[in-house]
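Visitor: Sharing a model that was predicted from the sequence below.
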Amino acid sequence: MAPLYLGIDVQLLRPPAWMVLDESLTQIDSGWMGVVGDSFETICGEAVAVVERYLRRGCDVHIGIDSPRGPLPAPREWYWDGKNEGWRQRRPAEKGRGRHCEVIVRSLGLANPQWTPSLEDSPNWMRLGYALFSALEREASGPEAVHEVFPSASYAMWKADPDAPKMSIDVSQFQPGPKDMIDAAVAAMTVCEYQQGRGAAVGDDGFGAIVLPKPITEAPANLLHWPG
């Protein structure tokens, strides 16, 4: 089946932006999921409809969502000590937010994550992201076809890289939020690079990995392995 890559930029100030690229990074389609104020069920229904449309055409759809996969069930017990390049236990004053994948991305200077909290403390945009993961994992070929991405980290990895991939897209759906649509495009690009063996997935605490478009070449060995 021909592979396609769907990137989704999750937000609530505007509808989530989405873009589909083929394996040559040429845009196939793009748009916005619903309108501001739509229920999570409606937005997820639109996301499922996009995926179903391409599955019916015989395409293999790989998905990248710019959102945490799910909330933390309990406070994080381990914190990274960059100075000593090792893990330490959480201190009483620390909230314990964030997953291993976010710690890695932050410690490597790739991006500043919005540390994933418990469900109770999750902002609504994260809750929408959780709902999208749940809906699309059921629709696609399982969790392995639905990835968490972090466009800011992808931008950092591609900065000043003469071999950074090039995509061919149009701006017909950009008007509501150009940066949102670019993030959706980069989400799709990142999944494409990962699926074609040029990227990496980081985070092994059991609460989801972040997919990156390039391998991690320099990092303390301990950082990449969760101590719990």
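Guide: Alright, I've got the coordinates. Residues are numbered from 1 along each chain as shown.

Visitor: ok, and the closest non-adjacent residue to the residue nearest in space to the middle of the chain?
Guide: Against the mean C-alpha coordinate of the chain, by Cα atoms, centre = their mean, the closest residue is Val149 at 2.1 Å. Once flanking residues are discounted, Val149 sits nearest to Gly64: 4.0 Å by Cβ to Cβ, 6 or more residues apart in numbering. All C-beta atoms are positioned from the backbone trio N, CA, C, and that covers glycine.

Visitor: Surely that neighbour forms part of a strand?
Guide: Yes: assessed by DSSP: H, G, I helix; E, B strand; the rest coil, Gly64 belongs to a strand.

Visitor: which parts of stretch 39-53 are buried?
Guide: Applying a neighbour-count criterion of 16 or more other Cβ atoms under 10 Å, one finds Phe40, Ile43, Cys44, Glu46, Ala47, Val48, Val50, Val51 buried in stretch 39-53.

Visitor: Contacts only, for the third one.
Guide: If I follow you right, that is Cys44. Neighbouring residues of Cys44 by Cβ atoms under 8 Å, 6 or more residues apart in numbering: Ala131, Leu132, Ser134, Ala135, Leu136.

Visitor: pLDDT and secondary structure for the residues you listed - can I get that in JSON lines?
Guide: Below are these laid out as JSON lines (pLDDT from 0 to 100; DSSP: H, G, I helix; E, B strand; the rest coil):
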{"residue": "Ala131", "pLDDT": "98", "secondary structure": "helix"}
{"residue": "Leu132", "pLDDT": "98", "secondary structure": "helix"}
{"residue": "Ser134", "pLDDT": "95", "secondary structure": "helix"}
{"residue": "Ala135", "pLDDT": "96", "secondary structure": "helix"}
{"residue": "Leu136", "pLDDT": "96", "secondary structure": "helix"}
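
Visitor: Dump those to TSV, plus neighbour count and distance to Asp60.
Guide: Output for the contacts of Cys44, formatted as TSV (neighbours: other Cβ atoms under 10 Å; distance: Cβ to Cβ, whole Å):
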residue	neighbour count	distance to Asp60
Ala131	18	23
Leu132	24	19
Ser134	15	21
Ala135	19	18
Leu136	22	14
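
Visitor: Which one of these is nearest to Asp121?
Guide: Taking Cβ to Cβ as the measure, Ala131 is the one of the contacts of Cys44 closest to Asp121, at 16.7 Å.

Visitor: I figured the closest one hits Thr42, correct?
Guide: No: at 10.7 Å, Ala131 does not count as touching Thr42 under the criterion of Cβ atoms under 8 Å.

Visitor: got a pLDDT number for the residue of the chain positioned farthest from its centre?
Guide: Distance from the C-alpha centroid of the chain peaks at Pro92, with 30.4 Å (Cα atoms, centre = their mean). As predicted, Pro92 sits at a pLDDT of 94.

Visitor: for Ser141, same thing?
Guide: 63.

Visitor: For the remainder of this discussion, apply numbering that starts at 892.
Guide: Sure thing, new numbering starts at 892, so read that last one as Ser1032.
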